[in-house]
Each structure stands twice: as structure tokens, then as C-alpha cells.
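1. Sequence and predicted structure, then a few things I'm wondering about:
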Amino acid sequence: MQDKAKKLMHISTYGCQMNEHDSEIMRALLEESGYQWTDNIHEADLVVINTCSVREHAEKRVLGLLGNLKHQKEKKPGLIIALGGCMAQNPEIQEFIRKKAPYVDVVFGTRNYHKLPALIKEAEETMSNVFEPTCEDEEIPGILPVHYASRVKAYVTIIYGCNNFCTYCIVPYTRGREKSRPPKEIYEEVVRLADQGFLEVMLLGQNVNSYGKDLEEDINFAKLLKMLDRIPGLARIRYTTSHPRDFTDELIDTIADSEKVCEHFHLPLQAGSNNILKKMNRGYTREDYFKLTEKIRQRVPGASITTDIIVGFPGETDEDFLETLDLVRRVRFDAAYTFIYSPRYGTPAAKMKDDISQEAKKERLKELNQVQNQITLEINQAYEGKTFEILVEGRSKTNSDRWSGRTRTNKIVVFDGEEDLEGKLVDVEIECARTWTLFGFLKNEQKKRNL
Ligand code: 5AD
Ligand code: SF4
């Protein structure tokens, strides 16, 4: 029900889970300061755009949206437009907004998004633009209010920023240096989530394995997982993203011995050739990476391993690309998120000669996807006839008569069920596996687990 006295807000979110979570926080803060959510961007009095710079495509979509909002504001001059996230940290974008898009009222950063209500108020009161793109030198906030998008799983940020400086990546420039949240605060937040009935938490950071390195306490990511694994009521712990270079034996052992940390490892490979890995400044070789996945398979039987791969990095020869295909075939990933290299202004790779034609890049992407999709299908087919514990996330998006949830290995499973199963742990037998989805049937009554 809309409260006519309240102003309406809409947040458009691009990019990673970190951004999705920051938007959940901004929504809660804006609700506290008197705004009401609308799904319809056209009727909003306030539009917040939480942007992503990781590839050019994401930036182009935001620039398109800004063009539409310009027209919307011409018809509705009171409309407030706020732009934050990774694009807001880019000096070129800042310049563009000052010169070409002055209808954007507030520009805020990746480390001061929690100050958004105050910045909007300032823009309204002074009737002028407010520029505060901050990604450094800001005290990290404590526990913030969150409007959780799901009733089942919740995001929890554990570390901000990134110190890795992979040569293709814009993130270290947009999200600043690594800063870990105190373990006690994370623990309290997760206890509260478990008390509220969330069965799953997803720990977020650009490189969660670096957790604690900047803290004085005796803590690291493995120790944090051990602490959280003991929280009653919680069923599953996930985390993203981790760096293969920092995936220690201590961490693998901790995950193997834990009850709640899921048997899913997302390990961005990026490239399978040592030549390209070096140019990317990834800090591991193809041999190191393969050894790591073998160790994981030994210690955590049945684990799923997924990855990110970039094709067409500057100087990537056919031989380099074949090495990527070869490693993909050897590791046998459960899934891969694959991307065409996109030069990002300000990164070291953007100064390297982008010497591979767009056609060649597209061809490589297509070939890589074909190889990977076949492997994904084969791995998924091995699930057929077996029963898995599924955490039900809600109705299936493609067929609202059915339920959709995930295995601990992060496979999406769709199945029938009469009663309301959202947020329940159930056993489902897999009947038919496809590349992106497994289909099955409910095995028993709702599981009664003593968590
Ligand atoms: N071009 C293409 N893909 C990129 N990624 C990061 N930067 C770039 C870029 N410049 C990919 C990486 C990363 C994922 C989130 O996006 O694979 O893991
Ligand atoms: Fe995009 Fe990376 Fe920024 Fe996330 S951290 S919003 S993926 S550029």
C-alpha cells in the first residue's frame, strides 16, 4: 500500500553482489528517512543508480539510463537523481556529470553510501549538486539497517576494497584498499540473521581470503568461518569472491571440517596460460591452480568448482587460448562465467595493445562456452537419480507453479510441491539435469533438522 504523504524512491543496481547488498542498505536507510519504495522508476521522486565499471557494457547501460532520466526530470523538475557505485569513482565520469549531466543531483562513493540520506537532504536544501565520491579514508560503518531482498538468504559484507591490482581490473581504483570489518561485529550480525530465521548467509568481499590481514587481532578468513560455523539456527554459509593465490590449506581444511560452509568453491581462473596469467598479475601459474583444485576435490568430495574466465586479453595468442581450453577440460568446472576482455581506463592493461580483433574474441568466447556447457551438462547429469538437500528460495521464475532452490553445491533445482516451502530445507531427488537447472521431485516431508 502506498502512503500518499511519502515520497517514492527507486534504486537501479548494476554489477556484483556487493553492489546488490549496498543497495539493500541504501533502501533501508532511505525508508528510515521517510521514502517509500516503488518498482516503477517512472513514478519515483528519487532515483538512485548504483553503478558498475567492471566492463564497458555495464557503463553503457547506465549512460543510457541517465539519458532517459534527463527526459523524466524535464517533465518532473523535482526529481532527485543520485549516482553512486564504481562508476562514480572514475574521474572521467565525474567530469562528464559536471559538464554534460548536471541534472544528476548527488554523486556519492563506494565507501560513503550509508551517508546517502544526508547527501540527498543537502542537495535539496542547497538546491545544488553534491559531489562526494569517497572510496578511501572513510571509517567503515558498523552494523547498518538492511532491507533484505530475500527471506531465506542474507548478504554480509566482511571486507571492503581490494589490494590485488590484477592488471585488467578497475576494482582497486573504485573500491579502495582492503578494510576488514571487526570479527565481533560480523559474528553479531550473523547471529541476528540466524535469530531472524535466515538459513543462509553469503559473506561478501572482493577477496574474502584477505580477511583480517589489516586487523591487529589474531584472525583470518579460516578462523572467521570457524566462528560462524558454530552459530545455531544457520544452515549454510557461502562466500564470494576468493582468490586462488590465497586459498590456503588451512582454509580448505576448515571448509572440509565445517558443518555449514557449503561445498562450493568459486575460484576465478581468468586465463589458463602462464604467459597471460603473468601479464594479468594473478600471482599463480596454471600448475598451481590445477593443484589447488585437485586438493579441494580430495579434501571435499563432491565439491563443485566454478570460475570466471576472460578471453582476448592483450597479447593472448591462439596457443594461449588453447591452454585455457585445456585447463578447463582438465579441471572440469561445474560452471564458468566467461567474459570478453574490456579495457578499463586507468588500469595497466588498458595501456597494453588491445591487439585481438572483436571477431576473434567472440569466436574464442563461443568456443569456450561450448566446451564448458558440455562439461556442465555431464556433471549435472551425474546428479540424476540422487537425492540432495535443497534450500528453497521461492517460486521458480520460469514456472511459478513450481519451487526453486539450491543444492549446497549451488545448483538450481526446480520441483513441484503443494505447501509453502519457501525458506525450508527439503530433500529432492533429481530426475532430469539440464545445463542451468536440475529438475526433481520432493522426497519426503519437510526436513526436521536440529540446527
Ligand atoms: N574485462 C573483462 N572482464 C573483466 N572482469 C574483471 N575485469 C574485466 C575486464 N576488464 C571479470 C573477471 C572477474 C569478473 C567479476 O569480471 O573475470 O572475475
Ligand atoms: Fe562492478 Fe566490480 Fe564495482 Fe562490483 S566491484 S560493482 S563488479 S566494478
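-> Yep, it's here. Remember, it's a predicted structure, so these values are computed and weren't measured experimentally. Ligands and ions are numbered 1, 2, ... in the order given.

2. Would you confirm that Phe441 contacts Asp416?
-> Yes. Phe441 is within contact range of Asp416, at 6.6 Å (criterion: C-beta atoms under 8 Å). In short, each C-beta sits where N, CA and C put it, glycine included.

3. now for the lowest-mean-pLDDT helix or strand in the chain, which elements pack on it?
-> The helix or strand of the chain with the lowest confidence, counting by mean pLDDT, DSSP states H and E, is strand 130-132 at a mean of 83. With contacts taken as 3 or more C-beta pairs under 8 Å, 6 or more residues apart in numbering; DSSP states H and E, strand 130-132 sits against strand 106-108, helix 116-126.

4. The one residue in the stretch 301-450 of the chain that gets nearest to ligand 2 sits in which helix or strand?
-> Of all residues in the stretch 301-450 of the chain, Arg344 sits closest to ligand 2, at 8.6 Å by C-beta to the nearest ligand atom. Assigning secondary structure by DSSP states H and E places Arg344 outside every helix and strand.

5. how close does the closest residue to Lys386 other than its chain neighbours get to Trp436?
-> Closest residue to Lys386 apart from its sequence neighbours, by C-beta to C-beta, 6 or more residues apart in numbering: Ile430 at 6.0 Å. Distance, Ile430 to Trp436, using C-beta to C-beta, to the nearest Å: 14 Å.

6. which of these two has more neighbours?
-> Per other C-beta atoms under 10 Å, whichever of Ile430 and Trp436 has more neighbours is Ile430, with 23 against 12.

7. mind listing what's buried in the helix or strand harbouring the more buried one?
-> Element membership for Ile430 (DSSP H and E) is strand 425-433. Neighbour-count burial for strand 425-433, counted by 16 or more other C-beta atoms under 10 Å, picks out Leu425, Val426, Val428, Glu429, Ile430, Ala433.

8. Correct me if wrong: the fifth one contacts Phe388.
-> Yes. Using C-beta under 8 Å, Ile430 is in contact with Phe388, at 6.8 Å.

9. Overlap of the contact sets of the two?
-> Residues touching both Ile430 and Phe388 (C-beta atoms under 8 Å, 6 or more residues apart in numbering): Val413, Gly440.

10. show me the contacts for the nearest residue to Asn444 once chain neighbours are set aside.
-> Distances taken as C-beta to C-beta, 6+ apart put Asp427 closest to Asn444, at 5.4 Å, once the chain neighbours are dropped. For Asp427, the contact set (C-beta under 8 Å, 6+ apart) comprises Thr387, Phe388, Glu389, Ile390, Leu442, Lys443, Asn444, Lys447.

11. can you pick the most crowded of those residues?
-> Neighbour counts for the contacts of Asp427 (other C-beta under 10 Å) peak at Ile390, which has 29 neighbours.
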